[in-house]
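sequence below, structure please.
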Amino acid sequence: MPHETDNFRISLAALLRRFKKPISLTMALVLAESTLGLLFPLFIGFAINGLLVQSYNGVAALGGLGALALAVGTWRRYYDTRAYARIYEELGNELVASEQQKDVQVSAVVARTSMLTEFVEFLENSMPSIVSSSIGLVGTLAILASLNVAVFVACMALFLAMLVLYWLTGPRNMALNRGYNDELERRVSVLESQNPSEINSHFRSLMTWNIKLSDLETANYGLIWVGVIGLFVFAPISVIQGGVTNYGMVFSILMYVFQFIESVTLLPLFIQQIIRLKEIAGRLSGESQ
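Have a look, this model is predicted:
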């Protein structure tokens, strides 16, 4: 359905509603791919136990799982590149037409088309990773709860601590992104001025905002990894002292811990991207003039 260019609005929720068919198909493929990936540690454990008694059934099952995951992942990547290219083409034309009708400066239009790219790239590249990480996180926690309660509780504690940390630093993150984007929108007009001092000041300001964002993320990253290190140390001690002696089971539990850590350490990156896109959405929708 055509959208009026003089009332251009954009947000993640609006894009998901508007392009629900191609995005839903992509997410369905991601769901299937992620579910298959979640089974690998368990199947590796089965393969180890089978080999210990000279059985190759577990290895065969592991190979079959890998082949199926490869087929689904390949088709998903083939499809979503083409789907999101069409989405970007449609949105880009609408955004430029809308901004021209409002007599927005060319410098701002150029910057905002670049910002629009971030939305589409987020849907194409980050959204599948978010879905995959979320499935991995929830699935891993569910499996760990059935295998070792103490390790499950430790993982939950780390996850909740991370959520609280980013809830506390969210407003600061939003303010820094707003400052960065304000300066970015000035780029074309600054370059057109051909004033070396003004150009130098512009790039220095951009890097200042970038450094502040990086420093905030670094501080959060350091705090999270203190908890990750604690989990690394606690998990094998808990598993062995808990009386687990099945080699395949020990290996599977520790692999699920590593899988959980991988998922939980990716989430901060996605949180940062969502905060940035929220600020950009207001700007592209005319709420940050």
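
next structured bit after the worst-scoring helix or strand of the chain on mean pLDDT?
Least confident helix or strand, the chain: helix 106-121 with a mean of 68, by mean pLDDT, DSSP states H and E. Note on helix 106-121: by DSSP states H and E, the next helix or strand toward the C-terminus is helix 127-147.

centre of the chain to that following helix, how far?
Its chain's average C-alpha position is 14 Å from that of helix 127-147, according to Cα atoms, centre = their mean, to the nearest Å.

how far off centre is the following helix or strand past it?
For helix 127-147, the following helix or strand on the C-terminal side (DSSP H and E) is helix 149-184. For helix 149-184, the separation from the chain centroid amounts to 13 Å (computed by Cα atoms, centre = their mean).

pLDDT averaged over helix 149-184 - what is it?
Mean per-residue pLDDT for helix 149-184: 86.

mind listing what's buried in it?
Buried residues in helix 149-184, counted by 16 or more other Cβ atoms under 10 Å: 151-152, 154-155, 158-159, 162, 165-166, 169, 173, 176-181, 183-184. C-beta coordinates here come from the backbone N, C-alpha and C atoms, glycine included.

give me the helices and strands touching it, please.
With contacts taken as 3 or more Cβ pairs under 8 Å, 6 or more residues apart in numbering; DSSP states H and E, helix 149-184 sits against helix 106-121, helix 127-147, helix 196-241, helix 247-284.

any idea of the angle that helix forms with helix 247-284?
In terms of direction (axes from the mean of the first three to the mean of the last three Cα atoms, to 10 degrees), helix 149-184 departs from helix 247-284 by 20 degrees.

helix 149-184 vs helix 127-147, what angle?
160 degrees.

which helix or strand lies directly C-terminal to helix 149-184?
Taking DSSP H and E, what comes next after helix 149-184 is helix 187-193.

now that following helix - C-alpha only, CSV.
What follows is helix 187-193 as a C-alpha-only set of coordinates in CSV (Å, rounded to 0.1, in the frame of the first residue of the first chain):
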residue,chain,number,x,y,z
ARG,A,187,28.3,17.5,7.7
VAL,A,188,27.3,18.6,4.1
SER,A,189,26.9,22.3,5.1
VAL,A,190,30.2,22.2,6.9
LEU,A,191,32.0,20.7,3.9
GLU,A,192,30.4,23.2,1.6
SER,A,193,31.7,26.1,3.6
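
show me what that helix is packed up against.
Looks like helix 187-193 contacts helix 106-121, helix 196-241 (3+ Cβ pairs under 8 Å, 6+ apart).

and of the ones you listed, who's closest to residue 266?
helix 196-241 (11.0 Å; Cβ to Cβ).

give the contact list for residue 230.
154, 158 (Cβ atoms under 8 Å, 6 or more residues apart in numbering).

for the stretch 1-150 of the chain, which spans come out with low pLDDT?
1-11, 99-100, 102-112, 114-115 (pLDDT under 70).

returning to what we had before: which of the helices and strands packed on helix 149-184 sits closest to residue 75?
Comparing those by Cβ to Cβ, helix 127-147 comes nearest, at 12.8 Å.

show residues contacting that closest one.
With Cβ under 8 Å, 6+ apart, helix 127-147 has contacts from 23, 26-27, 30-31, 33-35, 37-38, 42, 76, 80, 151-152, 155-156, 159, 249, 252-253, 256-257, 259-260, 262-264, 266-267, 270.

list the buried residues in that helix.
127-133, 135-137, 139-141, 143-144, 147.

would you mind checking which of these is nearest to residue 190?
Using Cβ to Cβ, these come closest to residue 190 at residue 127, 33.1 Å.

distance of that closest one relative to residue 15?
Applying Cβ to Cβ, to the nearest Å, the value for residue 127 to residue 15 is 10 Å.

between those two, which contacts overlap?
Joint contacts of residue 127 and residue 15 (Cβ under 8 Å, 6+ apart) are residue 23.

quick revisit: turn the helices and strands packed on helix 149-184 into TSV, including distance to residue 49.
As requested, the helices and strands packed on helix 149-184 are arranged in TSV below (distance: least, Cβ to Cβ, whole Å):
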stretch	distance to residue 49
helix 106-121	43
helix 127-147	14
helix 196-241	16
helix 247-284	4
